[in-house]
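Participant: Pasted the sequence and its predicted model underneath.
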Amino acid sequence: MTTKIFIVDDHYMIVEGIRSLLQNETGLEWLGHAMNAASCMAFLQQKQLPDVILMDINLPDKSGIELCKEVKEKYPAVFIIGLSTFNQQSFIQKMMENGASGYILKNATLEELVEAIETVVKGKTFLSNETAATLRKPDNIAVPVITSREKEVLKLVAGGMTNNEIAQQLFISPTTVETHRKSLLNKFAAKNTASLIRMAAQMQLV
């Protein structure tokens, strides 16, 4: 029986790397990829459904954690494996709470990736060794989930840039920058920009 695979990741090199790894594996069929949440939902609405989606946590338009919940609500038969560079307890837990069947890091080996896919299609949960170890540790700081655009804004805010300067650098409007700033303050539960930068630094996000 063939397992149909789809990937959601905004880094083309990651997509191509995984595709080339999996293309010679028997029993796996590559359905395609999406670079953001909107494209993923559009694909699922129009094309045949994959058995497994490898889903990046950090997408440009919506976090993978939110997308995971949305996909599982509309397509409960699709298995989702979180795919990330983030080995943090809060990310792993939120992804699993939103319906993911597994979580692996982007440094995973081919064997680990194939094992993850084979495990989740059997209805079981798969965590890579590193993520399983992380879940066993006490987690002192809950890291909020932010989009890749919010992360860009956060780094520029930490660099002391104004809204207008950030807008020029990212080719977006100052109003959009302000929206991202407010969203960041809300997600970090920070009272002001100084508090936001301090918390982000503690979490090694800047």
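Facilitator: Received, thanks.

Participant: helix or strand right after the worst-scoring helix or strand of the chain on mean pLDDT?
Facilitator: Lowest mean confidence among the helices and strands of the chain (mean pLDDT, DSSP states H and E): helix 129-136, at a mean of 75. Counting by DSSP states H and E, the next helix or strand C-terminal to helix 129-136 is helix 148-158.

Participant: Which of the residues in whatever helix or strand comes next after that following helix are classified as buried?
Facilitator: For helix 148-158, the following helix or strand on the C-terminal side (DSSP H and E) is helix 163-170. The neighbour-count check on helix 163-170 (16 or more other CB atoms under 10 Å) flags 163, 166-167 as buried. From N, CA and C alone the C-beta is placed, and that goes for glycine too.

Participant: now helix 163-170: mean pLDDT?
Facilitator: Averaging pLDDT along helix 163-170 yields 94.

Participant: Run through the neighbouring helices and strands of the helix or strand just after that helix.
Facilitator: Next along the chain after helix 163-170, taking DSSP H and E as the criterion, comes helix 174-188. Helix 174-188 sits against helix 148-158, helix 163-170, helix 193-202, with contacts defined as 3 or more CB pairs under 8 Å, 6 or more residues apart in numbering; DSSP states H and E.

Participant: quick revisit: name the helices or strands packed onto the least confident helix or strand of the chain?
Facilitator: helix 89-97, strand 102-105.

Participant: May I have stretch 2-14 as PDB, with CA atoms only?
Facilitator: Taking C-alpha atoms only, stretch 2-14 is exported to PDB below (Å, rounded to 0.1, in the frame of the first residue of the first chain):
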ATOM      1  CA  THR A   2       1.300   3.400  -1.000                       C
ATOM      2  CA  THR A   3       1.500   6.300   1.500                       C
ATOM      3  CA  LYS A   4       0.900   9.700  -0.100                       C
ATOM      4  CA  ILE A   5       3.200  12.400   1.300                       C
ATOM      5  CA  PHE A   6       2.700  16.200   1.200                       C
ATOM      6  CA  ILE A   7       5.000  18.900   2.800                       C
ATOM      7  CA  VAL A   8       4.300  22.400   3.900                       C
ATOM      8  CA  ASP A   9       7.500  24.400   4.300                       C
ATOM      9  CA  ASP A  10       8.500  27.900   3.100                       C
ATOM     10  CA  HIS A  11      12.200  26.900   2.500                       C
ATOM     11  CA  TYR A  12      12.600  25.400  -1.000                       C
ATOM     12  CA  MET A  13      15.900  23.700  -0.100                       C
ATOM     13  CA  ILE A  14      14.200  21.900   2.700                       C
END
